[in-house]
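> sequence below, structure please.
(5 chains)
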Amino acid sequence: MPRKKRHIRKPVGASPGSVIYVGGGKPHPVAISCIRFGPERFNEITLASVVASDFRSPPEEQLVTWIDVDGVHDTTILEQFGKALDLHPLVLEDIVNTSQRPKLEDFDTYIFVALKMITYDRRQRTVSSEHVSLILGENYVLSFQEDPGDVFEPVRNRIRTGKGRIRRSGADYLFYALLDAVVDYYFEVLEQLGDDIEDLEQEVVERATVATLREVHNFKREMILLRRSVWPVREAVNGLVRDESNLVSDATRLFLRDLYDHTIQVIDTVETFRDILSGLLDVYLSSISNRMNEIMKVLTIMSSIFIPLTFIVGVYGMNFKYMPELEWSFGYPSVWIVMLLSALGLLGLFRKKGWL
Amino acid sequence: MPRKKRHIRKPVGASPGSVIYVGGGKPHPVAISCIRFGPERFNEITLASVVASDFRSPPEEQLVTWIDVDGVHDTTILEQFGKALDLHPLVLEDIVNTSQRPKLEDFDTYIFVALKMITYDRRQRTVSSEHVSLILGENYVLSFQEDPGDVFEPVRNRIRTGKGRIRRSGADYLFYALLDAVVDYYFEVLEQLGDDIEDLEQEVVERATVATLREVHNFKREMILLRRSVWPVREAVNGLVRDESNLVSDATRLFLRDLYDHTIQVIDTVETFRDILSGLLDVYLSSISNRMNEIMKVLTIMSSIFIPLTFIVGVYGMNFKYMPELEWSFGYPSVWIVMLLSALGLLGLFRKKGWL
Amino acid sequence: MPRKKRHIRKPVGASPGSVIYVGGGKPHPVAISCIRFGPERFNEITLASVVASDFRSPPEEQLVTWIDVDGVHDTTILEQFGKALDLHPLVLEDIVNTSQRPKLEDFDTYIFVALKMITYDRRQRTVSSEHVSLILGENYVLSFQEDPGDVFEPVRNRIRTGKGRIRRSGADYLFYALLDAVVDYYFEVLEQLGDDIEDLEQEVVERATVATLREVHNFKREMILLRRSVWPVREAVNGLVRDESNLVSDATRLFLRDLYDHTIQVIDTVETFRDILSGLLDVYLSSISNRMNEIMKVLTIMSSIFIPLTFIVGVYGMNFKYMPELEWSFGYPSVWIVMLLSALGLLGLFRKKGWL
Amino acid sequence: MPRKKRHIRKPVGASPGSVIYVGGGKPHPVAISCIRFGPERFNEITLASVVASDFRSPPEEQLVTWIDVDGVHDTTILEQFGKALDLHPLVLEDIVNTSQRPKLEDFDTYIFVALKMITYDRRQRTVSSEHVSLILGENYVLSFQEDPGDVFEPVRNRIRTGKGRIRRSGADYLFYALLDAVVDYYFEVLEQLGDDIEDLEQEVVERATVATLREVHNFKREMILLRRSVWPVREAVNGLVRDESNLVSDATRLFLRDLYDHTIQVIDTVETFRDILSGLLDVYLSSISNRMNEIMKVLTIMSSIFIPLTFIVGVYGMNFKYMPELEWSFGYPSVWIVMLLSALGLLGLFRKKGWL
Amino acid sequence: MPRKKRHIRKPVGASPGSVIYVGGGKPHPVAISCIRFGPERFNEITLASVVASDFRSPPEEQLVTWIDVDGVHDTTILEQFGKALDLHPLVLEDIVNTSQRPKLEDFDTYIFVALKMITYDRRQRTVSSEHVSLILGENYVLSFQEDPGDVFEPVRNRIRTGKGRIRRSGADYLFYALLDAVVDYYFEVLEQLGDDIEDLEQEVVERATVATLREVHNFKREMILLRRSVWPVREAVNGLVRDESNLVSDATRLFLRDLYDHTIQVIDTVETFRDILSGLLDVYLSSISNRMNEIMKVLTIMSSIFIPLTFIVGVYGMNFKYMPELEWSFGYPSVWIVMLLSALGLLGLFRKKGWL
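Numbers count the residues shown, from 1 in each chain, chains lettered A, B, ... in the order given. All right, here's what the predicted structure looks like:
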């Protein structure tokens, strides 16, 4: 299973706050899309660069601006954001550092959240994660992603169609809606994983092979990585709920509490999968041992019955001059009878031991 | 063991607060039963729909209204409740979302509790859970269940007959009584599980087969799921005990503390079962290894005794022209003596090793 | 190992606070003994029933009354206590419910503690527990036990002989003395268990059989149950130490702190035993594997030496017309030499591998 | 490994606060040594008994008195201390009860600390512990040990020679110095244990036998006991650091904080050893399995090659009248060729499987 | 894998606060380098000894002095520092004691941090750590290392070139930059370890040998040691973040919070590696068992097919006078047919069992 290799962090020795991209892969052109909406209005444009005025809303209208950036490898664009919104250098570093752990930082005038978008490739059975950074300012939300393609489409559609409360609410609700979209997709991934793990369970108990073992180990590994991605999300969301920032309204806080519940449910499910997978290795070992017993029984029964018989026929194959039995006319049939009785006796013994 | 498949949560991309039913199975008609009682009065009717006036009690009487809804797939009915009692959309979502984790939410004018009703199918040895939501308002209690058939019948009977303190107490006591009925039934389920696990222990030690292994794994799995259902109930009940809402009287809080004790006992028992089951897999492996030893001993004894004998008789089956032993008249009996001694010597050796 | 079967809790559907006996076994007649003492006075009587006046002490004397009830299946007697001392129905339920988890409840005018008396049957190697409830009131102590026979005899003797501080102290010190007697007996049980576990360790390493495995599993099981009985005792005693009730004097609180230390030591010891027993299963598996190796070595050595020899003698047992070796006069001895060399060579190889 | 057997606690039924010795072994005569020192003065005497005046220091001099008692089985001496310094009976009980868990008790006028002195017998590979009690009063320190011989000699020498700050500091610094001497010796023991565990690791991987298994189990057991002795020391020292008693000066508190760091390091090391030892059992099992594989391969190769050959020679050992091959002049050599080819074929197969 | 042996702590009995070097190895000459810089100025010199005036900065300039000491075995130099800066003896002891656990101590006028510099020798696959002590004073930073060669070169370069904010910030930022350099290098080490563990995983599943087992055990051991080095770093950095000392400015505290995040990520990664390695041993055992099954199958199939055949040919090798079959002209071919059928039957049976 090929996995996109990436450095764990910025190059050693780089000055703290340096904006250096550490993700791997071929870079694609950075796309900046900007959605601006209010209860009555809505427009969607694509930007080439940003300046501070992009975030200013006519005061009488209270429009919300959402700028979504696909691609964080172009650090000059990031520095434009930094300048336009006066973002701390460490925030820019965290946006670019795609191996950054999910976290929440409250800088009074804006709130920064880093988290992971999880996808599951069902054919390769690998989980991969994409680094997503969200920033909530007074009337804007920024979202940064590594690659094009995301889980925010339903949110965009709700804005476009004006369904639900999203158009009537402020930037904080949009911020929540984006977080919710990410966490919601975890459930999607977990459901697929759950199905595959159930299949694997069936396989382990019924026809475990080395490939099954590899599969179990692989799933355990993915689960360890998944867990690492979702545990800190819980902390970050909890921080948001308890945060006293006035960027988040009380109404939205209620929704964040609900989101927090969902992150706990995600973690619960991941832990449950881990527990089941841990159990699977034991079951695997037991079922291998069982099969070994099966094999040994066959060997033991075959050997135990025929080895004595072979000895008996060996006896009468000896070439001694004086072997009276060889002369007896009923010698041959008696040997057969003795051998049959011995074989039956052993079979009976094995049946009594429950081996047959 | 067929298990009712269900989605983990609402469809990805649905707006938060959307009331979308995610349970599976064929829907049955929704039944709404309404019980209204006071110390002196009691009546029981079936409703087709609800309006706000259903919850108003004549002030001089202080009647308690309990509306029980069987079936949460009909979202229009839920929205009637939402409108009549001004419930938060997230509450409606949590009622409908049958995979919601047990939790407590206090919305000042009402308290919402989600939990799981557990049943154990003894023949299939599967634990299944049903999502139950309870809402305590000022003089009413709502209960929502997925399917008809519940554990509330004893509570209904106590109301009908006027036994115990239930008719004399307020809505909060009824609320507690319903929670208590659910938790009480956990004990029933645990007792049955306990009996089955004890049988399994016997089986593992005495006559473990692959089927036993599958059984142990199955029970461990059920225990993981059961644990996931009951752990958060404890938190929710603890929240109720510490909640300072004035919907709950001090007298009832005492009963809730007792209920909290019971949830701890439930969790204790589940953990004990898990510990015992974990130990069982080890015992299983050990007993399989033991049996393997048994088998190998038989093979080794049979082979070790007869293989040398077969060699000896082979020697005198050779056709060399000049083999002096073949001519001796006492050759044949001497070979028998040699073979007997060798067999006895090996038997003695094995007895000394403790293999016989 | 036969174990007294008991229900986990009261029948499903019973009203909370119902006083329903759930213990099993043949009921014996309930015995109520009453000891009343002060620094100077002491008398001991047997009661048939109780009324409120039994607990009233002449104010000038400050006598302490200790009523001990053996047998909790007769609920009418319990209800007499309930009435005489105005006990909460939930307390009566907890006294009768012999599967109640150890706990502490402070009801201002009295303190209720439930705990378990542990006994260890050394021949059957089973730990059994008896439910004990203690109530501390202003100048009285109540104790309820399931069966006759208890660990309180030393306390009774100290009261009778006036040894130690017990006659000079109040009801709270008596209450402490009873708790201390129960916890002290845990050490007695643990010491016996420790001896038996040490024997078992010896056995596992030296001559493990299936019976040993069963023994280890049995001990682990008992330890799980024991742990469940003693863990909550620690919480309850800690609750007493931190409780600010004025039923307990500061002098007694010092003793309770000491008792708390002892409960921690009990738990420590139980955990140590669990750790040792867990290790034992691994050692068992390892020693079984070791023995299997032993067996396999014998089989392999015997087979590897004799199978080639048998082949060689088989060769010269063939009946081909033209087999030159058969005619040679030194053929037979040469075959013996070849066979000896081959056997010696293999023996040397095995010795080099360290198998001999 | 013979181990000094000792009771876990005082005899059941003894009154709380009873001063009853529970250690085993032959009692030796109790030795009481008294060191009294100030910045300028120092004298060292041996006492036969103690009275209150022994602890009074001439007010103008501020001398520190350190009384060290070797042997706690003579309870009359302990009761002299109790009377002279007004010690609580529970303290005397804790001094005598050699199985008391390490702990800290602050009685305002004095601080009591119980802990364990650990020694490691390298030849027998057993860890043994000796109960040590320390009491810090206003200008005195008491130390009680079970046996003669201790780790305090360096402290005595520092007092005698006047090196370091000990003579210039108060009783609290002496108290710290004694605690530090005990904890320092833990490092000594751990270093020796570490060396032995490293040897054991080598042995397990390279030439594990049943004796190695026993050794690993033994070390794990010692580690469980060691852990039980050192964990509570950490709590006790932490208690001292946070204790607000004015018996301990701020300067000394700084040293105690350092000591606390050392206790954490001790626990860290013990846990590391436990982790390594736990891993060793797994490695042991794996290496046993590996060796089994080795053995089975030899058996399988030998059997698989020679059993078919034996069959072939058996065929031409048959006595059928009409067996054309027997008459062929090239029959015998052809059989040899067939056998050689079959053996080579199987050898090739095994080499391909990687078994050779 | 040779490992630099070192004592765990200072010699037993040494007075607390004694400055005694416990590291091993051949000592090298101590090198003291001093960098002094301000926004405008910068100079770098080598010192032979230190006096208090070295740390005084002309007040109008606010220069920052960084003194780096390579080698802590020369205690006279350390005592010069102690005198010049009035450092507590325990700090000097902690600098010299190279086995000191990472920790933070705030002494009002300076902050002391001990931590470990980790390096990974990729060929020997061993992790080794070097003790580093950092002291932050009002306008100076001290760093003490065991050996020449460090991870601070990038920081020195940033000072020399004036890149980043380091020249414009105070001593606290320099202090942070040094901590950051150490923690950053952990990521470097973890990345290399991660690659090696991934290779090992591949190896275990595909071609596990005893050497692989040793490798897994070795890595687990290194991980245990690594974990011990990095866990307390987290606490120390957290202490710095929460410390209210005015030696650290708010701007720097923000960077320290970021550093704290990184230490958590380090620990996360170490734990993930541990989890993966633990799983590997299980996979190893399973794959060994699998291979054993493979071997046993071959043995069983070969034996089960040929042993009966050998018996049959043995029968017709007997020398009885009256064996009618021997006379039949179709006797020989019929025996062949019987043998072929028996072999095919067994092969069919094994195929049905899935062994072929």
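> touching chain B at all, stretch A:216-224?
No: using CB under 8 Å from any CB of the partner chain, stretch A:216-224 stays clear of chain B, coming no nearer than 13.0 Å. (C-beta placed from N, C-alpha, C; glycine too.)
> quick one: that stretch near chain E?
Yes: using CB under 8 Å from any CB, stretch A:216-224 reaches chain E at A:217, A:220-221, A:224.
> tally of neighbours for the closest residue to A:Ser15 other than its chain neighbours?
The shortest distance from A:Ser15 to any residue other than its chain neighbours is 3.8 Å, reached at E:Gly164 (CB to CB, 6 or more residues apart in numbering or on different chains). Per other CB atoms under 10 Å in any protein chain shown, the neighbour tally for E:Gly164 reads 19.
> let me know the secondary structure of E:Gly164.
Secondary structure, DSSP: H, G, I helix; E, B strand; the rest coil: E:Gly164 is coil.
> same deal with the one 5 residues further on?
Going by three-state DSSP, the secondary structure assigned to E:Ser169 is coil.
> would you mind giving both backbone torsions of it?
Phi and psi for E:Ser169, reported as degrees, to the nearest 10, are phi -100, psi 170.
> for it, list the residues it contacts.
E:251-252 (CB atoms under 8 Å, 6 or more residues apart in numbering or on different chains).
> any idea how far chain B is from it?
To chain B, E:Ser169 is 44 Å away according to CB to the nearest CB, to the nearest Å.
> can you pull the pLDDT of that residue?
According to the prediction, E:Ser169 has pLDDT 88.
> equivalent analysis for A:Arg125, please.
For A:Arg125, the model assigns a pLDDT of 87.
> for it, grab the count of nearby residues.
16.
> so it touches A:Met223, yeah?
No: using CB atoms under 8 Å, A:Arg125 makes no contact with A:Met223, being 11.5 Å away.
> returning to what we had before: just checking, the residue nearest to A:Ser15 touches E:Val155?
No: using CB under 8 Å, E:Gly164 makes no contact with E:Val155, being 9.7 Å away.
> how about the contacts made by A:Pro232?
A:101-103 are the contacts of A:Pro232 under CB under 8 Å, 6+ apart.
> tell me which of those residues is nearest to C:Ile305?
A:Arg101 (62.7 Å; CB to CB).
> so how far is B:Pro16 from that closest one?
Here the criterion is CB to CB, to the nearest Å. By it, A:Arg101 lies 26 Å from B:Pro16.
> please apply the same query to A:Arg291.
Going from A:Arg291 to B:Pro16 by CB to CB gives 50 Å.
> next one: A:Asp180
Using CB to CB, A:Asp180 is found at 5 Å from B:Pro16.
> in chain A, which residue sits nearest chain B?
A:Pro154 (2.9 Å; CB to the nearest CB).
> verify the contact between that residue and A:Ala181 for me.
Yes: if you go by CB under 8 Å, A:Pro154 and A:Ala181 touch, sitting 6.3 Å apart.
> longest helix in chain A, please.
helix A:250-315 (DSSP state H).
> right, is that helix up against chain B?
Yes: using CB under 8 Å from any CB, helix A:250-315 comes into contact with chain B via A:254-255, A:257-259, A:261-262, A:264-265, A:268-269, A:272, A:275-276, A:279, A:282-283, A:285-287, A:289-290, A:292-293, A:296-297, A:299-300, A:303-304, A:307-308, A:310-311, A:314-315.
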